[in-house]
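# return a 3D structure for these sequence lines:
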Amino acid sequence: MYKSVIRPLLFTLNAEQAHHFTFKSLKLAFRVPGISSIVTTFFGSLKGHEKVVMGLRFKNPIGLAAGFDKDAKLYNELSAFGFGFIEIGTLTPKPQAGNPKPRLFRLVEDESVINRMGFNNGGLDAAVLRLAKKKTDIIIGGNIGKNKTTPNEDATSDYLKGLEALHPVVDYFVVNVSSPNTPNLRELQEKEPLMALLSDVKVLNDKLGSKPLMLKIAPDLTTGQLDDIVTIVNTLKLDGIVATNTTISRSGLKTAQQKVDAMGAGGLSGRVLRSRSTEVVKYLREKLDNNITIIAVGGVFTGADAREKLNAGADLVQVWSGFLYEGPAMVRRMLRNL
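Now for the predicted structure:
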């Protein structure tokens, strides 16, 4: 029903309008008594897929990636759709509007998405208040970033603010320095600035009472840059890596070049990213210390896609674009085929 009726209707709206419409509709629907139980019955997680990773007990290894519920407005409702964990954010200390619209585009032929959202979010304080009202036992990750107006030399301050504010209300952290949609952000992935940033974040995390701390990286890194990441993560004994964020590459697309060019800059996600994401995961698993966790994200649509990532060395997987194209039954269907 989703692919034959609901998705075609949603796709008559532009991508960002459809996203907001879905949010409002789910919020309204879940106010009806008993709806949460009904949704869980049809779409909830299946038993037998529990997994302990980073000292946390996940109902299953399939999570919702950051960027879907940026402001922690819908995680309670989304938990009924079978996810083993939900990552909120990316959150910045101050609210910011993000980049000008339009900034979210579907590439339907490729089952992919281009976004240049730009860390649009309502800020830390508002999200913390919502997370304090958690009604579910699902694992919540906090994805933190810096404000657009914060220069890179002061970026550490923003990440420390994010860590401190979210520390009481999330289960693990992801430091996001890999979005292509905040000017110069990816420069923080270079060895020296990244080592300095993560060292300071880890010190504060340990001081507050250590929670799992991860780094999210881009798929566009060279082998040398990946080696630098491995060295930093192994040296600092971080808990893990999220691999990967969206790509700035446009290779391998079926969508007409003219149409892609008209969409403009932004990060590309979806099926087209599957192979590269798996390559990065496999490379990292061979180089990282055995106790370091990898969350794989990029082109995961089916149980076979998830199994490919797990076989490559991932401990957990995340979905985002796949959820848009596959719909609410996605996670349960994936679990049946894992």
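
# distance check, Ile114 against Lys3.
When CB to CB, to the nearest Å is applied, the distance between Ile114 and Lys3 equals 21 Å. Backbone N, C-alpha and C define where each C-beta goes, glycine included.

# of the two, who's got more company?
Ile114 (24 against 11; other CB atoms under 10 Å).

# and the more buried one, what element?
For Ile114, the enclosing helix or strand under DSSP states H and E is strand 112-115.

# could you dump that strand to CSV, C-alpha only?
The C-alpha coordinates for strand 112-115 follow below in CSV (Å, rounded to 0.1, in the frame of the first residue of the first chain):
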residue,chain,number,x,y,z
SER,A,112,18.5,8.4,-4.0
VAL,A,113,18.3,11.9,-2.5
ILE,A,114,20.4,15.1,-2.7
ASN,A,115,20.2,17.4,0.3
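
# three-state assignment of Ile140?
At Ile140, secondary structure determined by DSSP: H, G, I helix; E, B strand; the rest coil is strand.

# check what pLDDT it gets.
According to the model's per-residue confidence, Ile140 sits at a pLDDT of 98.

# OK, contacts around it?
Taking CB atoms under 8 Å, 6 or more residues apart in numbering as the criterion, Ile140 is in contact with 72, 75, 85-88, 131, 134, 169-171.

# the longest helix along the chain - contacts with which helices or strands?
Scanning the chain for the longest helix, with DSSP state H as the assignment, gives helix 191-209. If contacts are counted by 3 or more CB pairs under 8 Å, 6 or more residues apart in numbering; DSSP states H and E, helix 191-209 sits against helix 155-166, strand 172-176, strand 213-217, helix 223-236.

# and of these, who's closest to His19?
Distance to His19, taken as CB to CB, is lowest for strand 172-176 among these, at 19.3 Å.

# counting contacts, what elements does that closest one pack onto?
Checking 3+ CB pairs under 8 Å, 6+ apart, strand 172-176 ends up next to strand 85-91, strand 139-144, helix 155-166, helix 191-209, strand 213-217.

# break down the stretch 201-338 of the chain into its strands, ranges please.
Assigned by DSSP state E, counting those that start in this stretch, the stretch 201-338 of the chain shows strands spanning 213-217, 240-243, 267-270, 293-297, 316-319.

# quick one: which of the ones you listed is nearest Glu50?
strand 316-319 (12.1 Å).

# mind giving me the packing neighbours of that closest one?
The elements that strand 316-319 packs onto, with contact taken as 3+ CB pairs under 8 Å, 6+ apart, are strand 62-64, strand 293-297, helix 303-312.
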